[in-house]
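[1] A structural model of the following input is requested.
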Amino acid sequence: MNVMTSALDDTLLALADPMRRRIFEVLLSGETPAADIAAAVGVEQDVLAKHLAVLETAGLVARRWKGGKELVKADPAPLEIAAKWIDTNRELWAMQSQMQQPARDDGSAEQR
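    Numbers count the residues shown, from 1 in each chain. Sure, this is the predicted structure:
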C-alpha cells in the first residue's frame, strides 16, 4: 500500500462517521476549545477524544494545549487527496458509461 492510498483510506475512514463529519464541520470556523466542540455536537469529552484521535490520524485536525485548554483546528489538506480520487474515478465512470451506451439510431441505417 502506498502513502497516497493509506492517506486516502485514513481520510475516508475518518469522514465515514457522521459525528466526525459534524466535528470537522464545526472546526472549519476556526480553532476551537475541545469543550466547545463537545457541547456543539452533543457528546461527552471522552467520546470526543476518540473521534478526534481518528481525525488526527487522518491529518484532518491538529490539537494543542494552551492555558490548560485543549484547542483543536481543522486541516482540510487531506480532503485534496480524497477529492482527486473522487474526480478521477468520476471521469473514468463517465467515460465507461459513454462507451457502454448503445449507438443511437439516427435513421441512416438501411431499413429492410
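[2] in the protein, which spans are strands?
    Counting by DSSP state E, the chain has strands at residues 32-33, 61-66, 69-74.
[3] how about those in TSV, adding mean pLDDT, distance to Val43 and mean neighbour count?
    (C-beta placed from N, C-alpha, C; glycine too.) What follows is the strands of the chain, written out as TSV (pLDDT from 0 to 100; distance: least, C-beta to C-beta, whole Å; neighbours: other C-beta atoms under 10 Å):
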stretch	mean pLDDT	distance to Val43	mean neighbour count
strand 32-33	98	14	16
strand 61-66	97	15	14
strand 69-74	97	13	17
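[4] And those: which comes nearest Glu44?
    strand 69-74 (14.2 Å; C-beta to C-beta).
[5] Report the contact partners of the residue positioned nearest the centre of the chain.
    Computing the C-alpha centroid of the chain and ranking residues by C-alpha atoms, centre = their mean puts Leu15 first, at 4.7 Å. Residues in contact with Leu15 (C-beta atoms under 8 Å, 6 or more residues apart in numbering) are 21, 24, 58, 60, 82.
[6] and Val54, how far is that from Glu80?
    19 Å (C-beta to C-beta, to the nearest Å).
[7] neighbour count winner among the two?
    Val54 (19 against 11; other C-beta atoms under 10 Å).
[8] Give me the below-cutoff pLDDT ranges for this protein.
    Applying pLDDT under 70 to the chain flags the ranges 1-4, 97, 101-112.
[9] one more time with 90
    Within the chain, the segments meeting pLDDT under 90 span 1-7, 81-82, 85-112.
[10] tilt between the lengthiest helix in it and strand 61-66?
    In the chain, ranked by residue count with DSSP state H as the criterion, the top helix is helix 78-100. Going by axes from the mean of the first three to the mean of the last three C-alpha atoms, to 10 degrees, helix 78-100 is angled at 170 degrees with respect to strand 61-66.
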